[in-house]
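1. 3D, please:
(one chain, ligands or ions: 1)
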Amino acid sequence: MEKFIVEKSPPLKGKVKIGGSKNSALPILAASLLTQESCTIKDIPKLQDIDIMKKILEDLGATVIWDEKDNVIHVQSSNITKTEANTELINKIRASFLIMGPLLARYGYAKVALPGGCCIGARPVDLHLKGFHNLGAEVIQEHGYVIARANMLKGAKIYLDFPSVGATENIMMASVYAEGQTVIENCAIEPEIVDLANFLNSLGAQIKGAGTDTIKINGVKKLEGAEHTIIPDRIEAGTFMIAAAITNGDIILENVLVEHLKPIIAKLKETNVNVEELENALRVYKDENTVLKGVDIKTMPYPSFPTDMQAQFMSLLLCGEGSSMVTETVFENRFMHVSEFKRMGAEIKIDSRTAFIEGKSKLSGASVKATDLRAGAALVLAALNADGITEISDIHHIDRGYCSFDEKIRLLGGKITRMKSS
Ligand code: EPZ
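-> Next comes the predicted model:
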């Protein structure tokens, strides 16, 4: 096990290149199961979650070549040998459930372990299964597995009770070969949905409406291969935007799509942090004499403020003037970082889904632990601005979602070292 040792750091300054989106790469890798032709996927982030998805595809019989130097994956699923996923691998990442839709679409059968909950919530998959059922599949759950089977999936109208990202992705993939038209209403409109639809259309699928609350998929007979570049990771970008703000720094983020960062940019500007849009880049800076204003945050599905930025933004609000309110509406248990912040001297009170934050918390270094990948990143951000030394354990959570996080921070002047935990 490893830990981060983080000291109060000078203003972070310089340039950081944002990697490809983890939450786009994972569904797109799963989608490569839909075709027997080879696919080349670029800007794949070097993350543990990607490595696990690669192993899952290989276990099913796919050929996956990962050129980590150039961040490219070549995948070919021409000789899939089984449609029952390896349980041990599946249990390592929740996104593995996204292979269900492609296997069901292509082979009419899939058996995948039911993903467990995680610390941020129960994370059920009922909406995924409702979609498969509406498409005509027989879906049963037994002994901790989900089994779905269908001779021929038929296009259907599916209304999602909640605009679930994963359910939208799984149902979209399940319907690409279905007879007739499938309409998914009240679907997720996150940028990662659009990226997946663009990838599927480049294979020859017929998908319209991605990015709106209604997606229409006309079933096709066959898909080809394709080359695709993953969109930049808006959450990694948001995390480094906070790193600039919290250290009174001045950072230029390269490889960003400003369009995807609007809710984060808007909130940061409300706190008096400067954000300047450059050509395919973003400059975020704050002068040490500018007062950081407390603001209220409410996480909601895109294009509202993203739940995956809640913990990181909270670390900034701890340093703001006055009080702030953070309401988490997407996951039922996504305040695990609060108790860790409190160990650093933060004044936060939680009342069900809202955290009340007293600003100007004199944060001081402490021993804390990462409870999930975004909470872990948030602790690093807070530690960059806390007096003394902070030791962050369980950093494997951070490595799941951030590529070379500590190296990128060191290059910007941050005092962070990675050590073996004793
Ligand atoms: C994706 O998870 C992301 N993961 C999450 O990012 C992100 O937080 C989440 O979307 C919301 O934006 C990936 O893309 C790999 P959901 P997903 O289905 O698809 C409930 C990170 O930090 N729900 O939109 O699992 C669910 O319980 C991770 O990178 C049902 O009730 O999210 C939750 O409360 C964390 N039934 C809400 O919807 C279902 O069938 C949002 O879940 C599905 C979901």
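
2. all contacts plus neighbour counts: C-alpha atoms, from now on.
-> Noted.

3. what strand or helix carries the residue in the stretch 251-400 of the chain that the ligand sits nearest to?
-> The stretch 251-400 of the chain approaches the ligand most closely through Phe331 (4.2 Å), counting by Cα to the nearest ligand atom. Using DSSP states H and E, Phe331 sits within no helix or strand.

4. not counting its neighbours along the chain, what's nearest it?
-> Once flanking residues are discounted, Phe331 sits nearest to Gly121: 5.8 Å by Cα to Cα, 6 or more residues apart in numbering.

5. what is the one you found paired to in the beta sheet?
-> On the basis of DSSP bridges, Gly121 is bridged to Cys118.

6. quick one, what contacts it?
-> 331-334 (Cα atoms under 8 Å, 6 or more residues apart in numbering).

7. circling back to that earlier point, burial measure for the residue of the stretch 251-400 of the chain closest to the ligand, as a count.
-> Look at Phe331: counted by other Cα atoms under 10 Å, it has 16 neighbours.

8. which of the contacts of Gly121 sits closest to Ala243?
-> Taking Cα to Cα as the measure, Ala243 sits nearest to Arg334 out of the contacts of Gly121, at 20.7 Å.

9. which SS class is the closest one?
-> coil (DSSP: H, G, I helix; E, B strand; the rest coil).

10. in CSV: the contacts of Gly121, plus distance to Met241 and pLDDT.
-> As requested, these are arranged in CSV below (distance: Cα to Cα, whole Å; pLDDT from 0 to 100):
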residue, distance to Met241, pLDDT
Phe331, 23, 96
Glu332, 26, 94
Asn333, 25, 93
Arg334, 21, 97
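
11. let's see if you can find the most crowded of these.
-> Arg334 (23 neighbours).

12. which non-adjacent residue is nearest that residue?
-> In this structure, Arg334 finds its nearest non-sequential neighbour in Ile120, 4.6 Å apart by Cα to Cα, 6+ apart.

13. what does that neighbour show for phi and psi?
-> Here is the backbone geometry of Ile120 (degrees, to the nearest 10): phi -90, psi -10.

14. you'd agree it is up against Thr329?
-> No. Using Cα atoms under 8 Å, Ile120 is not in contact with Thr329, being 11.8 Å away.

15. ok, which stretches of the stretch 51-200 of the chain are strands?
-> For the stretch 51-200 of the chain, the strands defined by DSSP state E, counting those that start in this stretch cover 63-67, 72-76, 109-113, 138-142, 145-149, 157-159, 181-185.

16. how about the residues of the stretch 301-422 of the chain near the ligand?
-> Proximity of the stretch 301-422 of the chain to the ligand, by Cα under 6 Å from any ligand atom, involves residues 307-308, 330-331, 374.

17. show me this protein divided up by domain.
-> Per the record, the chain has its domains at 2-18+232-420, 22-223, by automatic domain parsing.

18. now do the same end-to-end measure for the longest one.
-> The reference is to domain 2-18+232-420. End-to-end distance for domain 2-18+232-420: 4 Å, by Cα to Cα, to the nearest Å.

19. would a markdown table of the residues of the stretch 301-422 of the chain next to the ligand with distance to Gly155 be doable?
-> Below are those laid out as a markdown table (distance: Cα to Cα, whole Å):
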| residue | distance to Gly155 |
| --- | --- |
| Thr307 | 32 |
| Asp308 | 33 |
| Val330 | 29 |
| Phe331 | 30 |
| Arg374 | 37 |
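
20. tell me which two in those are the farthest apart.
-> Comparing all pairs in those by Cα to Cα, the longest separation belongs to Val330 and Arg374, at 14.3 Å.

21. what does the stretch 1-150 of the chain put close to the ligand?
-> Proximity of the stretch 1-150 of the chain to the ligand (Cα under 6 Å from any ligand atom) is limited to residues 23, 95, 122-128.

22. can you list which of those are found in helices?
-> Mapping these onto helices (DSSP state H) picks out 23, 126-128.

23. now restrict those residues to buried residues only.
-> Among these, those that count as buried by neighbour count (16 or more other Cα atoms under 10 Å) are 23, 127-128.

24. now render those as TSV, adding pLDDT.
-> Converted to TSV, these look like this (pLDDT from 0 to 100):
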residue	pLDDT
Asn23	98
Leu127	98
His128	98
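
25. how about the closest residue in space to Tyr159 that isn't next to it in sequence, what does it touch?
-> Nearest residue to Tyr159 in three dimensions, chain neighbours excluded: Glu185, at 4.6 Å (Cα to Cα, 6+ apart). Applying Cα under 8 Å, 6+ apart to Glu185 gives the contacts 157-160, 213-215.

26. dump those residues into a markdown table; add pLDDT as well.
-> As requested, the contacts of Glu185 are arranged in a markdown table below (pLDDT from 0 to 100):
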| residue | pLDDT |
| --- | --- |
| Lys157 | 98 |
| Ile158 | 98 |
| Tyr159 | 98 |
| Leu160 | 98 |
| Asp213 | 98 |
| Thr214 | 98 |
| Ile215 | 98 |
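
27. now the buried members of those.
-> With burial judged by 16+ other Cα under 10 Å, the buried subset of the contacts of Glu185 is 158-160, 214-215.

28. now, which of those residues sits nearest Glu179?
-> Ile158 (14.8 Å).

29. so what pairs up with that closest one in the strands?
-> According to DSSP bridges, beta-bridge pairing links Ile158 with Ile184.
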